[in-house]
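generate a structure from the sequence data that follows.
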Amino acid sequence: MCPASTGQDLMLRDSHDSAQKRLTFATLMMTFAGIVAIAIVTPYADLVLEQRLTSAHLSSSALTLLLLALAFRKLLSRWRFNFPCSDLLLAYSVWHFCSALPSSGFGGFLFPMMATFHYFSTPANQWQELFGSFIPPWFAVSDLAAVRSFYEGVPASSSLQFWAWAFPASFWLIFATIYFASLLCLALWLHSHWIVDEKLSFPTVQVVQSVVMPNNRRSLFPLLCGIMLPILVHSLNGLAKHFPSLPSLPLQFAWGKAFVDFPFDVWQGERTVFNFASLGIGFIIPAEVALSFWGFYLVHLLVRLILRWRGFAPGVGTGGITTLQRAQEAGGFLILAAVLLMPALRKTMSRGRNWARTQIHLPILWVSLTLVLILLLCLSGMRFLTAVALFAVWTAVHLVLTRAVSAGGIMNVECSFMPWDIIARTVGVHRVGWRDLTVMAFPQQLFMFDQVTIPLPYLMDGFKMAISSPFPIRLFVLNLAFGYFATIAISLPFTFWLCHRWGALNLNAWFTQQEPSWAFHKLRSWMAAPFGVDMPFVQNMLIGATVMAFLLYFHRHFLWWNISPLGFVMSSTSTLQSHWFSLFFGWLLRGLSLRFAGLEGYQSFRPFFIGCIWGGLVANAVLVLTDFMLR
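Okay, here's the model as predicted:
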């Protein structure tokens, strides 16, 4: 752990220039070593062990590496090498962003998405006849022998068929680089307004800084207790998986199974998970945010019950309960995204014509790079307006979910709809066109399917860390670029090799089969039962937009309205279904501590719950290590 920087520390640093050069090199090597570990361990854990290290916007792998780096720093301090904590936090910020790239942030889906269509296309599902002519050759691998080698594996003595993959892989690498660069420009534009002007709390950054730079030593013991509790529980459960005679502590509860009669049968699939990290988050985030998330989830259950009682069918079809609730959330997303974007735009335009002062080049660059992405999709067969709508919806999702992380501290974020749900149901599938929908399936599945690893929250956390730690933003951007290219250069060849040597059919089916093929199954179902303008969906989008407008108005104009609007947009997601009880319990303990122990008592309990967050996430890395050793 690092003490807060003082003037004496700065003078001591200046007196050891030669030591600092060595330490700067050591920090760079440490950052690169962490990137190598992330690029290799993450695909192996995802695909072989089926344990995800990056499934939240506090990464298990990045936090574990930071703990190891703190221990490494302590070891070096014995030889008077005491490099600043800002170097550690800079390395962590790079690791944090890069941790998603080999997983569902891009690399985990890249090769399966390029191979799925041709491998799983059969005369029964008619994918080739229905959609084959709409897929450009730079989207997917057309060599059937190469696709079979990928899914069925090849002997160690056989060579891998790299050249069959070169053309589509190159296109998606270019597309991904432009995509991440555009989001970097968006984050550079918004970070000043969110961090400096609005002074958002960034609870996920506080969780990291409170351990690396603690305010006092008295918080060390409760912090360590909080870290050890989830590690011990998860280690016991992990060992019980391999040794059934050992006891285990159940953390998952399928409480919906108790409801079998109409209309309560609509709750049958409900379940929850006791999550130590979410418990800690529920304790440290503002009470109005935690109340919003678990409260709107309970409202969601009540609405489902009422709709079921009124005769609405459950499910995702036209007029289904799930579809209608997703439409309401989609309307809320669009309104909230517009409200979040407009102040930054007004601020940029109101500062006059001074180019350097307005930083207007950042939104221009963001829009320009987005237009390049739109152009690439248009060259691939998608119409211009459809591509614009795709990125407009996805930008709205990015902004709202990033706000949930930055202002609310919610690590696990998700939206209940995909961009093509809004586009197809507002204008009809025939008006959108099957070519546009088929082309849309690829970028949507690669970059938009798993929202728990969207890049913008990682970037905003990094900029907050740069301002508060501090370290230069320009240095962070340079290290980020280095980390991106290094992670891609290491993780993609390793993932490619792993799938060929093991056979993708024998690896984690969610990454290699279910997620990539989901889009084509969805398209096939839409083609079997096409629909025009889905008026119930549109009406519920308007209802959701109206509800969000009222929530925003009350939240901004009435001090007594202590409910954040953020929970409304995630109320029906599977993520909130799993984590609502942990958030509720953390919120309840926070309220009880403030009520009976006061602010001082709350502050004394806070390190323990921060430790629960760290322990819950580091325990995930411990489970991966345990599974690897006992496999």
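
ok, which stretches of this protein are strands?
For the chain, applying DSSP state E gives strands covering 252-253, 272-273.

make TSV from those and add distance to H361 and mean pLDDT to it.
C-beta here means a position set from N, CA and C on the backbone, and glycine is covered the same way. What follows is those, written out as TSV (distance: least, C-beta to C-beta, whole Å; pLDDT from 0 to 100):
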stretch	distance to H361	mean pLDDT
strand 252-253	49	90
strand 272-273	45	92
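
ranking the ones you listed by burial, who's on top?
strand 272-273 (a mean of 17; mean count of other C-beta atoms under 10 Å).

so which elements touch that strand?
Strand 272-273 sits against strand 252-253, helix 574-630, with contacts defined as 3 or more C-beta pairs under 8 Å, 6 or more residues apart in numbering; DSSP states H and E.

list the contacts of that strand.
Residues outside strand 272-273 that contact it (C-beta atoms under 8 Å, 6 or more residues apart in numbering) are 251-253, 255, 577-582.

with stretch 162-175 instead?
110-111, 114, 137-141, 143, 145-146, 373, 376, 443, 446, 488, 492, 496.

quick one: low-confidence ranges for the protein?
Where the chain drops to pLDDT under 70, the residues are 1-24, 80, 214-218, 351-358.

as a check, name the ranges of all helices in the stretch 101-250 of the chain.
Along the stretch 101-250 of the chain, counting by DSSP state H, counting those that start in this stretch, helices occupy 107-120, 127-131, 144-152, 163-192, 203-212, 220-242.

can you check the stretch 301-450 of the chain too?
Under DSSP H, counting those that start in this stretch, the stretch 301-450 of the chain gives helices at 321-350, 355-358, 361-379, 384-406, 419-427, 429-432, 434-443.

got the buried residues for the longest one?
Neighbour-count burial for helix 321-350, with 16 or more other C-beta atoms under 10 Å as criterion, is recorded at 321-337, 339-341, 344, 348.

okay, angle between that helix and helix 163-192 too, please.
In terms of direction (axes from the mean of the first three to the mean of the last three C-alpha atoms, to 10 degrees), helix 321-350 departs from helix 163-192 by 60 degrees.

likewise for the fifth one?
Using the same axes, to 10 degrees, the direction of helix 419-427 lies 80 degrees away from that of helix 163-192.

any chance of a markdown table for the contacts of strand 272-273, columns distance to W189?
Formatted as a markdown table, the contacts of strand 272-273 follow (distance: C-beta to C-beta, whole Å):
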| residue | distance to W189 |
| --- | --- |
| L251 | 41 |
| Q252 | 41 |
| F253 | 43 |
| W255 | 44 |
| Q577 | 34 |
| S578 | 33 |
| H579 | 31 |
| W580 | 33 |
| F581 | 37 |
| S582 | 34 |
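
out of those, which are buried?
In terms of neighbour count (16+ other C-beta under 10 Å), the buried residues within the contacts of strand 272-273 are 577-582.

closest one of those to P455?
H579 (21.6 Å; C-beta to C-beta).

residue contacts, that closest one?
Contact analysis of H579 by C-beta under 8 Å, 6+ apart lists 272-273, 275, 278, 412.

for S564, same thing?
S564 sits next to 286, 288-289, 291-292, 407-408, 555 when contact means C-beta under 8 Å, 6+ apart.

what of Q51?
45, 620, 623-624, 627.

mind picking the two most distant members of those?
Among the contacts of Q51, N620 and D627 lie farthest apart (C-beta to C-beta), at 10.8 Å.

higher neighbour count, the two?
Neighbour comparison, N620 and D627: the larger count goes to N620, with 26 against 17 (by other C-beta atoms under 10 Å).

pretty sure that one sits against S60.
Yes - the criterion here is C-beta atoms under 8 Å, and N620 meets it with S60 at 4.1 Å.

quick one: which of the helices of the stretch 101-250 of the chain is nearest L475?
Of these, the one closest to L475 (C-beta to C-beta) turns out to be helix 163-192, at 13.8 Å.

the closest one vs helix 144-152, what angle?
60 degrees.

so what's M541 up against?
M541 sits in contact with 327-328, 330-331, 334, 422, 426, where contact means C-beta under 8 Å, 6+ apart.

what's the farthest-apart pair in those residues?
It's Q328 and T426 that sit farthest apart of the contacts of M541, by C-beta to C-beta, at 14.0 Å.

possible to save the buried ones among the contacts of strand 272-273 as CSV with distance to S219?
As requested, the buried ones among the contacts of strand 272-273 are exported to CSV (distance: C-beta to C-beta, whole Å):
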residue, distance to S219
Q577, 33
S578, 30
H579, 26
W580, 28
F581, 27
S582, 22
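
just flag the most distant two among those.
The two members of the buried ones among the contacts of strand 272-273 with the most space between them (C-beta to C-beta) are Q577 and S582, at 11.6 Å.

burial of the residue nearest to F447 when sequence neighbours are not counted, as a residue count?
Nearest non-adjacent residue to F447, counting by C-beta to C-beta, 6 or more residues apart in numbering: Y179, 6.3 Å away. Using other C-beta under 10 Å, Y179 has 23 neighbouring residues.

correct me if wrong: Y179 contacts L373.
Yes - at 6.1 Å, Y179 counts as touching L373 under the criterion of C-beta under 8 Å.

F463: neighbouring residues, count only.
Counted by other C-beta under 10 Å, the residues lying close to F463 total 23.
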